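Colleague: Predicted structure and sequence below. I'll ask about it afterward.
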Amino acid sequence: MLQFSARWSWTFVLDTLGVMAENYNITAIPTSFFIGRGGVIRAVNIGAMTRRAIEAKLAETIR
C-alpha cells in the first residue's frame, strides 16, 4: 500500500495478485472506493476521475 498526502490523505492498494479484485468484484481499472471514518465503503467509482470529481466524492465521504 502507498500513502499519498496533499490536501487529502488516502491509501492506494497495489493488488499484484488479484486478490482484492476478486474479493471486491472489481471488473475495471481504475476502481476507486471511498471509505468513511468508520471503515464503511461510502461510494464506489469505476473508471477515471477528474480532480474535481475526486474532491467531490471525498467531501461526500467525510460528511
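Modeller: Here it is on my side, so go on.
Colleague: where exactly do the strands run in the chain?
Modeller: 2-5, 9-12, 31-35, 41-46 (DSSP state E).
Colleague: any idea how far residue 61 is from residue 45?
Modeller: From residue 61 over to residue 45 the distance is 11 Å, taken as Cβ to Cβ, to the nearest Å. For glycine as for every other residue, the C-beta is placed from the backbone atoms N, C-alpha and C.
Colleague: which sections of the protein are below the confidence cut-off?
Modeller: 1-10 (pLDDT under 70).
Colleague: coming back round to it: which residues do residue 61 and residue 45 both contact?
Modeller: residue 34 (Cβ atoms under 8 Å, 6 or more residues apart in numbering).
Colleague: These two - which one has more neighbours?
Modeller: When neighbours are counted by other Cβ atoms under 10 Å, residue 61 and residue 45 differ, and residue 61 comes out ahead with 18 against 14.
Colleague: ok, that one touching residue 42?
Modeller: Yes: applying Cβ atoms under 8 Å as the test, residue 61 and residue 42 come out as touching, 4.6 Å apart.
Colleague: shared neighbours of the two, anything?
Modeller: Between them, residue 61 and residue 42 share the contacting residues 34, 35, 36, judged by Cβ under 8 Å, 6+ apart.
Colleague: Pull out the buried residues from these.
Modeller: residue 34 (16 or more other Cβ atoms under 10 Å).
Colleague: Please identify which of the shared contacts of residue 61 and residue 42 is nearest to residue 16.
Modeller: residue 35 (20.9 Å; Cβ to Cβ).
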